[in-house]
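Student: for reference, the sequence and a predicted model appear below.
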Amino acid sequence: MLKQAIDIYELLDSPKVNGLEVVEFFKAQGIENVSFQTVMGEKGSTDFVRIFIPGTQGKSTGGTAPTLGIVGRLGGIGARPEAIGFVSDGDGCAAALTSALKLGKMHNLGDKLAGDIIINTHICPDAPTLPHEPVPFMDSPVDIITMNQYEVEKEMDAIISLDTTKGNKIMNYKGIAISPTVKEGYILKTSSDLVDILEIVTGNAANVFPLSQQDITPYGNGLYHINSILQPAVATSAPVVGVAITAGVPVPGCATGASHIVDIGLAARFTIEVAKVFGTKQISLYDANEFERIQKLYGSMKVFQTLGEK
């Protein structure tokens, strides 16, 4: 996956890159179902990019194979003029687009997956920054509600959320890690199927990062969040798993020179392996029977998908 990761990184590492340029790049690679939309926010604008890879048995063609959503989560790929160059926070976007590029090439060569794949992310080379402990975060020109509006779709039966998660002291390893599955306000057990795929892809024991309850609540409630990796979970009833790109020490999201192509490619490779078998229902992100039982025992936790009581 290194070639695709390098191509995407070179595409994104520019002060002039925008949604149109990304769309034109993908179409030049023979991937036609690509679009973008410019959205204005209080702190600027960003271009939301959507890439669709149809499945042989996907719902888009009348089939019954489940649809996988791949979301590249970030505030921005650049913090210009404060910082020159591609920032660490952009790794989630780069990994999602790397996945899309490889999946599109596979499809065109004849390696077509069973289920539809929807890849959503956004392109902003001049996003603002935000104070955060232990290191600064990238902010975004649009709020999280708007991001979820354009990145989370009702057709997605499960979501893989890719995000740089280096600005902390609880993931002291370089590479990638997955989260437990989050669904409708519940933090569920980590999918053993995803653990198996992660260990095969990395060749190492799986890293699973911890979540607190506030991490899966919406931004804007005044609570601490490790970052926005699980924010898609507040806008869907589908199961969501975070795939974090990590570092051995805390790295600011607005730092340049901090992206590692190998790790971006690793996150994309894991995502593609999940996509291959998700549409054929060979894996599950959660136990449906156990989820039904936990709801009967303890009720709905959807309140954690909201801003809560004032």
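Tutor: Thanks, I have the structure now.
Student: can you list phi and psi of the closest residue to residue 157 other than its chain neighbours for me?
Tutor: Leaving aside its sequence neighbours, residue 157 sits nearest to residue 66 (CB to CB, 6 or more residues apart in numbering; 3.9 Å). To be clear about C-beta, it is placed using only N, CA and C from the backbone, and glycine gets the same treatment. Residue 66 adopts backbone torsions of phi -70, psi 150, taken as degrees, to the nearest 10.
Student: over to residue 72?
Tutor: Per degrees, to the nearest 10, the backbone of residue 72 is at phi -90, psi 100.
Student: measure it to residue 63 for me?
Tutor: As judged by CB to CB, to the nearest Å, residue 72 and residue 63 stand 26 Å apart.
Student: out of these two, which sits in the busier spot?
Tutor: residue 72 (29 against 16; other CB atoms under 10 Å).
Student: surely the more buried one meets residue 118?
Tutor: No - using CB atoms under 8 Å, residue 72 is not in contact with residue 118, being 11.7 Å away.
Student: which stretches of the protein form helices?
Tutor: For the chain, the helices defined by DSSP state H cover 2-12, 19-28, 91-109, 144-151, 192-202, 261-278, 288-298.
Student: closest to residue 160 out of these?
Tutor: helix 261-278 (5.4 Å; CB to CB).
Student: and that closest one, C-alpha only, in CSV?
Tutor: C-alpha atoms of helix 261-278 as CSV (Å, rounded to 0.1, in the frame of the first residue of the first chain):
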residue,chain,number,x,y,z
ILE,A,261,3.8,6.9,5.4
VAL,A,262,4.3,3.3,6.6
ASP,A,263,1.7,3.8,9.4
ILE,A,264,-0.8,5.5,7.0
GLY,A,265,-0.4,2.6,4.7
LEU,A,266,-0.8,0.2,7.6
ALA,A,267,-4.1,1.8,8.6
ALA,A,268,-5.3,1.6,5.0
ARG,A,269,-4.3,-2.0,4.6
PHE,A,270,-6.1,-3.0,7.8
THR,A,271,-9.2,-1.2,6.6
ILE,A,272,-9.1,-2.9,3.2
GLU,A,273,-8.8,-6.3,4.8
VAL,A,274,-11.9,-5.5,6.9
ALA,A,275,-13.8,-4.4,3.8
LYS,A,276,-13.0,-7.6,1.9
VAL,A,277,-14.8,-9.8,4.4
PHE,A,278,-17.4,-7.4,5.9
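Student: average model confidence for it?
Tutor: For helix 261-278, mean pLDDT is 98.
Student: which elements pack onto that helix?
Tutor: helix 2-12, strand 68-72, helix 91-109, strand 158-164, strand 175-178, helix 192-202, strand 240-246 (3 or more CB pairs under 8 Å, 6 or more residues apart in numbering; DSSP states H and E).
Student: can you give me the buried ones in it?
Tutor: Buried positions in helix 261-278, judged by neighbour count with 16 or more other CB atoms under 10 Å: 261, 263-276, 278.
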